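>>> Any chance you could fold what I've pasted below:
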Amino acid sequence: MVPNALVDSMVGIRALNKIWMDGDLVDWDEAQIHVLSHGLHYGYAVFEGIRCHRTDRWSAVFRLPEHIERFVNSAKVYRMRLPFDADALNQGCVDLIRANGIPEAYLRPIAFSGYGEMGLDPTKSAVHVAIGMWEWPAYLGAENVERGVRATVSSWVRIDSRSLPPQAKCAANYANSALAKMEAVSGGYDEAILLNSAGMVAEGPGENIFRVKKGVVSTPPASSGILRGITRDSVIRIVRDEGIEFQRTDFTREELFTSDELFYAGTAAGITPIREVDGRPIGSGTYPITGHLRKIYEDAIHGRSPKYAAWLTPVPKASTASAEPAVKTEIRRGPVATRSRR
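The predicted structure is shown next:
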């Protein structure tokens, strides 16, 4: 039986109007690369996951500058020289949302080594940047946002920083996540939990994890091999603002089982409680702290919280006359000029 969360996460992509490619807003079906693009063969690509949400002023992107900053830093870790600066990428996201006329969607900036050279050295290939977007409901299932997901501790270990840099959001890293996800789903679970090479809890395949015990909220530190999630940071700030005790600390597999509450946090998943780990019910089956934090987070992302208004980049709706832009996105170049697509 396929878990409900998997069914929701597998919803097909509906073609929209435009995709941003190397500074141009191009038609959806024209956003293509060559099959011999270097990044496709060697996983040399960095990306981001960003959401825009409907607000009373049409749409807003949640913590856009922070996502783009992490995108730029991921490229830096991989010696990838982006041909666009952060301002151009921020503007590209806003322009894309307006061009597609969709107020609530998931955005995927990606930079990759392109067509022209092969071999393990990616520096001989041009770097290209694209931003796509699609409508994506709750990643772990809409009903699971309330009732919680069933998770399993994966037999696959989270990548070690001595092998690949986990702080960089690189496509290659997600082969590790895909193996854990497939294993979980094939076992009838909704999601996985990965341990690190020291046997401590790290994170989910695409989400950070939080534990609640005796009123204290904790999450693994960056040194555990996690990605420093933007949603994770948001949760930490909300927890502190609410006066709830918080700790960054390692915890074990057994401490998962004895938690009062557990929840995932991520751009795709939002804040989703975990009701069971490897057949063991978590806590009493209620999630008072998780639910409280999720309510504050949902208010923040939908523009209902003045306290967190600075986290939002408003996107005004394009007029009907300009819904299909005939001009290219204004480009502010970084230190390297864009090379033409081949």
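
>>> drop to CA atoms for contacts and neighbour counts, all remaining ones
Fine.

>>> show me the contacts for the closest residue to residue 249 other than its chain neighbours.
Distances taken as CA to CA, 6 or more residues apart in numbering put residue 220 closest to residue 249, at 5.1 Å, once the chain neighbours are dropped. Residues near residue 220 by CA atoms under 8 Å, 6 or more residues apart in numbering: 201-203, 209-210, 226, 248-251.

>>> Quick check: phi and psi on residue 220?
Dihedral pair for residue 220: phi -60, psi 150, per degrees, to the nearest 10.

>>> Distance of it relative to residue 28?
39 Å (CA to CA, to the nearest Å).

>>> Residue 294 now?
Where residue 28 is concerned, residue 294 sits at a distance of 34 Å (CA to CA).

>>> Which one of those two is surrounded by more residues?
residue 294 (20 against 15; other CA atoms under 10 Å).

>>> where's that one, which helix or strand?
Assigned by DSSP states H and E, residue 294 falls within helix 288-301.

>>> what's next to that helix, contact-wise?
By CA under 8 Å, 6+ apart, helix 288-301 touches 53, 60-62, 212, 234-235, 238-239, 261-263, 271-273, 305-309, 311-312.

>>> Separate out the buried members of the residues you listed.
For the contacts of helix 288-301, a neighbour count by 16 or more other CA atoms under 10 Å gives the buried set as 53, 60-62, 212, 234-235, 238-239, 261-263, 271-273, 308-309, 311-312.

>>> Find the residue at the geometric middle of this protein.
residue 49 (3.6 Å; CA atoms, centre = their mean).

>>> if I look at that one, how far off is residue 210?
In this view, residue 49 and residue 210 are 20 Å apart by CA to CA.

>>> Residue 263 too?
5 Å.

>>> same question, residue 200
For residue 200, the distance to residue 210 - CA to CA - is 13 Å.

>>> ok, now residue 111?
30 Å.

>>> Check residue 237 too.
Counting by CA to CA - residue 237 and residue 210 are separated by 13 Å.

>>> Neighbour count: those two, which is higher?
Legend: neighbour count by other CA under 10 Å for residue 237 and residue 210, higher for residue 210 (25 against 12).

>>> low-confidence ranges in the stretch 1-150 of the chain?
1-11 (pLDDT under 70).

>>> So which residues of it form helices?
Assigned by DSSP state H, counting those that start in this stretch, the helices in the stretch 1-150 of the chain fall at 4-9, 38-42, 64-77, 86-100, 144-147.

>>> Quick one: residues in contact with the last one.
In other words, helix 144-147. Here helix 144-147 has contacts from 5, 138, 271-273, 275, using CA under 8 Å, 6+ apart.

>>> Among these, which pair sits farthest apart?
138 and 275 (16.7 Å; CA to CA).

>>> Tell me which of these two has more neighbours.
Neighbour comparison, residue 138 and residue 275: the larger count goes to residue 275, with 24 against 18 (by other CA under 10 Å).

>>> show me what contacts the more buried one?
147-151, 261-262, 281-282, 285.

>>> all strands of the stretch 51-200 of the chain, in order?
All strands of the stretch 51-200 of the chain, identified by DSSP state E, counting those that start in this stretch, fall at 58-62, 105-113, 127-134, 149-153, 191-195.

>>> for the ones you listed, which one ends up most surrounded?
The highest mean neighbour count among those, using mean count of other CA atoms under 10 Å, belongs to strand 191-195: a mean of 28.

>>> quick check, distance from it to the centre of its chain.
Distance, stretch centre to chain centre, for strand 191-195: 16 Å (CA atoms, centre = their mean, to the nearest Å).

>>> now do stretch 39-52
That offset, for stretch 39-52, works out to 11 Å (CA atoms, centre = their mean).

>>> what's the domain layout of this protein?
4-137+314-322, 144-301 (automatic domain parsing).

>>> so how far is the helix holding residue 294 off the chain centroid?
With CA atoms, centre = their mean, you get 18 Å for helix 288-301.

>>> Then stretch 181-188?
The answer for stretch 181-188 is 20 Å, by CA atoms, centre = their mean.

>>> ditto for stretch 163-174
With CA atoms, centre = their mean, you get 13 Å for stretch 163-174.

>>> Identify the residues contacting it?
So stretch 163-174 is in contact with 42-48, 70-71, 73-75, 77-78, 159-160, 205, 225-228, going by CA under 8 Å, 6+ apart.

>>> who touches the nearest residue to residue 118 once chain neighbours are set aside in this structure?
What sits nearest to residue 118 in space, not counting adjacent residues and going by CA to CA, 6+ apart, is residue 38, at 6.1 Å. With contact set as CA under 8 Å, 6+ apart, residue 38 has these partners: 44, 112-118, 122, 125.

>>> Return the members of those classed as buried.
Counted by 16+ other CA under 10 Å, the contacts of residue 38 give 44, 112-115, 117-118, 122, 125 as buried.
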